[in-house]
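Visitor: Give me a 3D structure for the following:
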Amino acid sequence: MNEHDRPRKYLIGMPAPDSLGGPIASEPPFIEALREKGLDIITEVYVYGDKLEPTPFFERVRRVLKTAFRFRKLVRKHRPALIFLNSAFDRRTILRDAISIFVTSPGAAKVFVKLHGSTADDLQDPGPLFRMLIRYLRRKVDGWGYFTREELDSFVKLGFEPARFFPVRNAIDLDREVPADFTREQRESGGIFQLLFVSRFVRTKGLIPTIYACEELRKRGLRFRLTCVGDGESRREAEDAAGRLGLGRVVRFTGHLPEAEVTKQLLKSDILVFPTSHPEGFPIVLFKAIATGMPVVTTNIRAAADYLSEPDNCLYCTTDPQNIADRIEELIADKALRERMSQANFAYGRTLTPPEVADEFIDIFDELLGDRRPKDTN
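Guide: You can find the predicted model right below:
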């Protein structure tokens, strides 16, 4: 068998099983869908994602080098046509990816990096070291998967070629977690509404403004309970605020929950509150809520701005607690609006199934490997 007759292989870097965040939820079902469509996939852990406990610096360096040498062996053994990495674009991942690609030595394999968020805007004047690393990645990465137009614009400012960037979405797999007969009943406006906040508890995700918005809702006489799912640096401040404001009976903190438990919270809650100012990629919790037909209050940034619309899929808010409370109250007061939003969100969620998203990526792979005409970038 000559080189051209070999079955095409794809080497895909996966998040570690104990990672937190979107990739560990979205990537396994996506890979399964690629395999079901006939792709010969080899997977190896390429750690991307936060953990419950931070990794010490030297342990992180050791892990990066160890992973890179594992990839080097796999490349030499399997000679994949394409190497697919899940990553981001910030100082830590730029350094990690540059070292990893250099050690891996992809050879003839194309390199594709799926960006789960980026801070390219903060790297317009990166300094000599990172300027050199960014130049290296510009040369070595054949394709980048990005979630939002804002991210693409930031990369173009850094000198990247727009033709190497492909819009992508995360797969949302709910088949194993959502009953086939699930319907979302909309509560009457006078009922007790179950509000839900799910995220890492970092300042830019909007937990603290959500707590203060709840104080405002209580002042207005609205009936609600808020469940806060997650953990992180803002938890102590949020718990202190809830206690100080006398919200202990209506605000509950669960800590970190497995994805299946997060889905259960989505199914039994009425409104997702997600007033993030974080440089989000394609936040899994937001789009899982959409896929379960949940009404949503969120900020008009990144993926929410590019993929959702108001009032079809959500109501947009600012990060000001008064405004967050206004939008929540508007949803509570308008049952018909919630019903329309829920149906539109169910419909959009059906476009995010792993088979649907896998087809989009197969088109990208075919283009990178020369199997179809390149996209029009004009």
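
Visitor: For the closest residue to R8 other than its chain neighbours, give me phi and psi.
Guide: Using C-beta to C-beta, 6 or more residues apart in numbering and skipping the chain neighbours, the partner closest in space to R8 is A81 (4.6 Å). C-betas here are computed from N, CA, C, even on glycine. Dihedral angles of A81 (phi, psi; degrees, to the nearest 10) stand at phi -80, psi -30.

Visitor: quick one: least confident helix or strand in the chain?
Guide: Every helix and strand in the chain was compared by mean pLDDT, DSSP states H and E; the lowest is helix 57-78, with a mean of 90.

Visitor: what packs against the helix or strand that it is followed by?
Guide: Next along the chain after helix 57-78, taking DSSP states H and E as the criterion, comes strand 82-87. For strand 82-87, the elements it packs on are strand 9-14, helix 91-104, strand 110-115, judged by 3 or more C-beta pairs under 8 Å, 6 or more residues apart in numbering; DSSP states H and E.

Visitor: Strand 82-87 pairs with which strands, parallel or anti?
Guide: Strand pairing for strand 82-87, determined by DSSP bridges: strand 9-14 (parallel), strand 110-115 (parallel).

Visitor: Serialize those to TSV and add fields for mean neighbour count and distance to A325.
Guide: Shown next, in TSV, are these (neighbours: other C-beta atoms under 10 Å; distance: least, C-beta to C-beta, whole Å):
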stretch	mean neighbour count	distance to A325
strand 9-14	22	40
strand 110-115	23	34
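
Visitor: Mean pLDDT added to these, as TSV?
Guide: Below are the strands paired with strand 82-87 laid out as TSV (pLDDT from 0 to 100):
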stretch	mean pLDDT
strand 9-14	96
strand 110-115	97
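
Visitor: Which of these sits closest to A333?
Guide: A333 lies closest to strand 110-115 among the strands paired with strand 82-87, at 38.8 Å (C-beta to C-beta).

Visitor: Hey, what's the angle from the closest one to helix 91-104? Just curious.
Guide: Relative orientation of strand 110-115 versus helix 91-104 (axes from the mean of the first three to the mean of the last three C-alpha atoms, to 10 degrees): 160 degrees.

Visitor: Which strands or helices does whatever helix or strand comes next after strand 110-115 pack on?
Guide: Note on strand 110-115: by DSSP H and E, the next helix or strand toward the C-terminus is helix 128-140. Under the contact criterion of 3+ C-beta pairs under 8 Å, 6+ apart, helix 128-140 touches helix 91-104.

Visitor: what about the helix it packs on, distance to the chain center?
Guide: Put simply, helix 91-104 sits 21 Å off its chain's centre (C-alpha atoms, centre = their mean, to the nearest Å).

Visitor: Give the buried residues for it.
Guide: Within helix 91-104, the residues that count as buried by 16 or more other C-beta atoms under 10 Å are T93, I94, R96, D97, A98, I99, S100, I101, T104.

Visitor: A238 - that's part of a helix, no?
Guide: Yes - using DSSP: H, G, I helix; E, B strand; the rest coil, the assignment for A238 is a helix.

Visitor: how far away is it from T227?
Guide: Distance of A238 to T227, computed by C-beta to C-beta, to the nearest Å: 12 Å.

Visitor: between the two, which one's more packed in?
Guide: A238 (20 against 17; other C-beta atoms under 10 Å).

Visitor: Report pLDDT for the more buried one.
Guide: pLDDT recorded at A238 is 97.

Visitor: Which residues are in contact with it?
Guide: If you count contacts by C-beta atoms under 8 Å, 6 or more residues apart in numbering, A238 has them with F201, L207, I208, I211, C228, F253.

Visitor: Can you report how many residues lie near the third one?
Guide: I208 is surrounded by 17 other residues when neighbours are defined as other C-beta under 10 Å.

Visitor: Wait, it touches S234, no?
Guide: Yes - checked against C-beta atoms under 8 Å, the pair I208 and S234 is within contact range at 6.3 Å.

Visitor: residue contacts, L133?
Guide: Applying C-beta under 8 Å, 6+ apart, the residues near L133 are I94, L95, A98.

Visitor: Give me the pLDDT for P54.
Guide: 60.

Visitor: V168 now?
Guide: Looking at V168, its pLDDT reads 97.

Visitor: Going forward, the N-terminal residue is numbered 73.
Guide: Yep, numbering from 73; the last one is V240 now.

Visitor: Skipping its backbone neighbours, what lies nearest it in space?
Guide: Per C-beta to C-beta, 6+ apart, closest to V240 is G217, 3.8 Å.

Visitor: Show me what that neighbour bridges to in the sheet.
Guide: K186, F238.

Visitor: For it, give its distance to P393.
Guide: Computed with C-beta to C-beta, the distance linking G217 and P393 is 35 Å.

Visitor: Give me the more crowded residue out of these two.
Guide: Between G217 and P393, counted using other C-beta under 10 Å, G217 has the larger neighbour count: 24 against 21.

Visitor: what's the domain layout of this structure?
Guide: The chain is divided into the following domains under automatic domain parsing: 75-243+425-440, 265-424.

Visitor: hang on, the earlier thing: just the contacts of A310: which has the poorest pLDDT?
Guide: Least confident entry in those, by pLDDT: F273, with 95.

Visitor: Quick one: neighbours of P95, just the number.
Guide: P95 has 26 nearby residues by other C-beta under 10 Å.

Visitor: what does the model give it for pLDDT?
Guide: 84.

Visitor: What are the phi and psi values at it?
Guide: The phi and psi values for P95, taken as degrees, to the nearest 10, are phi -60, psi -40.

Visitor: In this structure it contacts L187, no?
Guide: No - here P95 lies out of contact with L187, judged by C-beta under 8 Å, at a distance of 10.9 Å.

Visitor: Might you list the low-confidence residue ranges for this structure?
Guide: Along the chain, segments meeting pLDDT under 70 span 73-78, 119-127, 444-450.
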